[in-house]
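Participant: Give me a model of this one.
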Amino acid sequence: MSFRHLSWALKKTLPCREKIVLVGLADHMNRKTGRCFPSHATIAEKCGLSEASVKRALIQLEEHRLITIVPRSVGAARLSNQYDLHLGNSSFDHASKAGVTETRVEAQRTDPGGAAPGGEMQNGNPVGAQGATNLEGSQEGKQEKTSAFDRWWKIWPSTPRKVAWSECQKLWKENELDAITDQITAHTEAMKKSTAWRDGWEPSPKTYLTGRRWLDGVPPDASELVTEAGDGAPGWWDSASGIEAQGRKRGISKREAEAMPDFFLRVARASGPGEWIVHALKRARDDGPTRLQHVIQFFGEELVPAGWWPMD
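Facilitator: Numbering: from 1, shown residues only. Predicted coordinates for the structure are as follows:
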């Protein structure tokens with residue numbers, strides 16, 4: 001436990017859910033490193049929330065720069081995330097300071113006596129009136145403009161995959177993406193309306209930037225796709241409703257807070273060999289070698305076609 005981090009978290013003005021989770025993280029914090037590694041289940045138990053609520057709260061906390069979420073893994077095994085807390089550096093801090101200043105300026109303007117509260121009159125003018133004007137101008141000058149990266153990050157779907165804000169910001173700067181912000185945001189907005197993203201198949205922001213996905217264009221809607229089977233209709237694996245229906249046939253239910261891609265893997269494995277296995281492998285390949293290795297091991301030799309297993 002770090003009393004410094006705990007005190008900092010308790011002083012934050014946040015929605016109830018986000019504050020409870022922030023305090024829970026602070027209670028786990030290493031006072032020397034400013035980091036902790038609790039699982040979603042551990043945080044949920046400590047805070048008395050569901051894991052789904054914890055994940056949503058963590059996304060909001062990272063968006064407000066209160067924490068940084070760093071995914072961890074060893075080979076194909078996923079570990080609990082690393083959480084870094086940022087003392088005195090968040091959008092809530094800036095908003096709070098601005099709010100105090102605006103309140104003081106407004107009080108000076110609206111005081112019935114025309115002077116600042118508790119002030120005096122000199123030469124018919126309220127003492128401190130000029131100071132209020134200067135303070136207001138100074139405050140306006142200090143207002144920070146929203147960066148191009150932050151505008152894009154804000155429109156990204158708020159799902160458990162929305163992590164690694166600092167790593168994404170670094171990628172954005174290294175690739176000088178400010179110059180094509182409009183192109184990237186327009187593509188992201190269009191993809192949010194696609195069947196794949198609505199069904200929970202969106203990549204992580206980091207994968208999107210690393211793979212320069214905005215150059216891929218917008219794929220046709222699932223209703224426009226024709227499967228290789230030649231029956232003129234999309235396969236069950238092309239939509240969330242189809243996956244859920246296939247899951248019911250196989251006696252598999254979606255777990256609470258389970259991501260659709262993970263649920264699909266369980267349904268695909270239970271369905272045996274078929275096009276859905278290759279479909280899952282292709283999606284995993286798009287998400288990177290670590291994800292692909294995890295999916296290959298999850299399916300096993302009986303389901304993975306020849307050519308997909310890594311060379312020894």
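
Participant: mind listing the strands for this structure?
Facilitator: 35-36, 67-74, 77-85, 121-122, 125-126 (DSSP state E).

Participant: Tabulate these in TSV, adding columns for distance to Thr159 and mean pLDDT.
Facilitator: (Each C-beta comes from the backbone N, C-alpha and C, glycine too.) Below are the strands of the chain laid out as TSV (distance: least, Cβ to Cβ, whole Å; pLDDT from 0 to 100):
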stretch	distance to Thr159	mean pLDDT
strand 35-36	23	86
strand 67-74	13	81
strand 77-85	15	82
strand 121-122	59	46
strand 125-126	53	48
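
Participant: Would you mind saying which of those lies nearest Gly247?
Facilitator: strand 77-85 (22.2 Å; Cβ to Cβ).

Participant: With only the CA atoms kept, save the closest one in PDB.
Facilitator: Listed in PDB are the C-alpha atoms of strand 77-85, where the atom choice follows Å, rounded to 0.1, in the frame of the first residue of the first chain:
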ATOM      1  CA  ALA A  77       0.000 -16.400 -21.900                       C
ATOM      2  CA  ARG A  78      -1.700 -13.200 -20.900                       C
ATOM      3  CA  LEU A  79      -0.800 -11.700 -17.500                       C
ATOM      4  CA  SER A  80      -2.700  -9.100 -15.500                       C
ATOM      5  CA  ASN A  81      -2.200  -5.500 -16.700                       C
ATOM      6  CA  GLN A  82       0.400  -3.200 -15.200                       C
ATOM      7  CA  TYR A  83      -1.200   0.100 -13.900                       C
ATOM      8  CA  ASP A  84       0.800   3.300 -13.500                       C
ATOM      9  CA  LEU A  85      -0.800   6.100 -11.500                       C
END
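
Participant: can you list the residues that contact that strand?
Facilitator: 5, 8-9, 22, 25-26, 28-29, 34-40, 42, 58, 66-73, 163, 294 (Cβ atoms under 8 Å, 6 or more residues apart in numbering).

Participant: And that strand, what's buried?
Facilitator: Using 16 or more other Cβ atoms under 10 Å as the test for burial, strand 77-85 gives 81, 83-85.

Participant: And the strands of the chain: which comes nearest Gly288?
Facilitator: Per Cβ to Cβ, nearest to Gly288 of the strands of the chain: strand 67-74, 10.6 Å.

Participant: what about the strands of the chain, which gets the closest to Thr185?
Facilitator: strand 67-74 (22.3 Å).

Participant: Would you mind getting the angle between the closest one and strand 77-85?
Facilitator: 160 degrees (axes from the mean of the first three to the mean of the last three Cα atoms, to 10 degrees).

Participant: Starting from strand 67-74, tell me which strands it pairs with and how they run.
Facilitator: Here strand 67-74 has these sheet partners by DSSP bridges: strand 77-85 (antiparallel).
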